[in-house]
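Engineer: Sequence first, predicted model second:
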Amino acid sequence: MVTIAGMTLLQLAIVLGAVVGGNSIAFQPECSLPTPQKNESLPVFKILPSYKISGEITDWTNKTVASITELTKTDRIATVISDRQSTLHWIFMSPDQRFLHNITSGKCAAFPSPPLSTYSQLSLISKDLSSLSTLISGLVDFSKSSQGEFRDNRVIAGVEGVRWVACVNGTNGTSNLQVEFIMNQVIFAGDSDQSLKPPSPAFSNPLLLFVRVAEFGNFS
């Protein structure tokens, strides 16, 4: 995450269906280890009003990858999700002014649902899926109501991060592809005497460095 001239730039990765049919595709579930026994909440962190977030949403179950970019302007939030089939551009100006522009077909219409509503698993983290920023902001409330704890530190892009892990029940569905658990990991910059300071005082602290949401059929 980088702050330049009052704008926050954040890279985000979301992985869905990390294990399919009992075979690990992306990574082993950390929740197969002793699950978190503590209720350690995340500290409050914020994204500046002016921001750009970009990343990828990988769905191993449906074998799809989509790029996602979100950018704020003075009067709107613009979210673009693009895959091999289409590029969709959501424009949110107010609750009464919400538009969806299908860049591939050229059609434009009012949209009834937010961009992230397709990924219903994320509703366990935030009830507001209208934007990536509301999803990230929902992490703090999520940590207060979920069993989570701080574990070992990790270095992300040269910055030491304090890692927080939670393992929670997911949604039950009628499809065999519907998973039952979600693992959520957050790494943010700490403020210890040993941590290196950011290059600019404009950086907020704690600083969100990495978010991973992973689905598993089970944690064994």
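Structural biologist: Thanks, I have the structure now. Numbering: from 1, shown residues only.
Engineer: Look up the residues forming beta bridges with residue 94.
Structural biologist: In this entry, residue 94 is beta-bridged to residue 97, by DSSP bridges.
Engineer: Need the pLDDT of it.
Structural biologist: Looking at residue 94, its pLDDT is 85.
Engineer: Please work out how many residues are found near it.
Structural biologist: By other Cβ atoms under 10 Å, the residues close to residue 94 number 8. For every residue, glycine as well, the C-beta is placed using N, CA and C.
Engineer: Within the helices and strands, which one has residue 53?
Structural biologist: Assigned by DSSP states H and E, residue 53 falls within strand 51-59.
Engineer: Could you list the buried residues of that strand?
Structural biologist: Neighbour counts over strand 51-59 (16 or more other Cβ atoms under 10 Å) mark 51-53, 55, 57-59 as buried.
Engineer: Please list the residues outside stretch 75-84 that contact it.
Structural biologist: Residues outside stretch 75-84 that contact it (Cβ atoms under 8 Å, 6 or more residues apart in numbering) are 57, 64-72, 87-93, 103, 115, 130-133.
Engineer: Ok, stretch 119-134 next?
Structural biologist: Stretch 119-134 is contacted from outside by 12, 14, 16, 47, 51, 53, 57, 68, 70, 72, 77, 79, 92, 114-117, 135-139, 141-142, 168, 170-171, 179, 182, 184, 213, 215, using Cβ under 8 Å, 6+ apart.
Engineer: Could I get the average pLDDT for that stretch?
Structural biologist: Mean predicted confidence for stretch 119-134 is 82.
Engineer: Ends of that stretch, what's the gap?
Structural biologist: 14 Å (Cα to Cα, to the nearest Å).
Engineer: Mind checking which of the contacts of stretch 119-134 land in helices?
Structural biologist: 135-139, 141-142 (DSSP state H).
Engineer: List the buried residues for stretch 105-121?
Structural biologist: Of the residues in stretch 105-121, those buried (16+ other Cβ under 10 Å) are 111, 114-116, 119, 121.
Engineer: and of these, the nearest to residue 150?
Structural biologist: residue 121 (23.6 Å; Cβ to Cβ).
Engineer: and that closest one, that one's in a helix?
Structural biologist: Yes: counting by DSSP: H, G, I helix; E, B strand; the rest coil, residue 121 is found in a helix.
Engineer: The closest residue to residue 59 other than its chain neighbours - how many residues pack around it?
Structural biologist: Nearest non-adjacent residue to residue 59, counting by Cβ to Cβ, 6 or more residues apart in numbering: residue 16, 4.5 Å away. Applying other Cβ under 10 Å, we find 20 other residues in the vicinity of residue 16.
Engineer: what do you get for residue 160?
Structural biologist: 16.
Engineer: is it true that it touches residue 153?
Structural biologist: Yes: using Cβ atoms under 8 Å, residue 160 makes contact with residue 153 at a distance of 5.6 Å.
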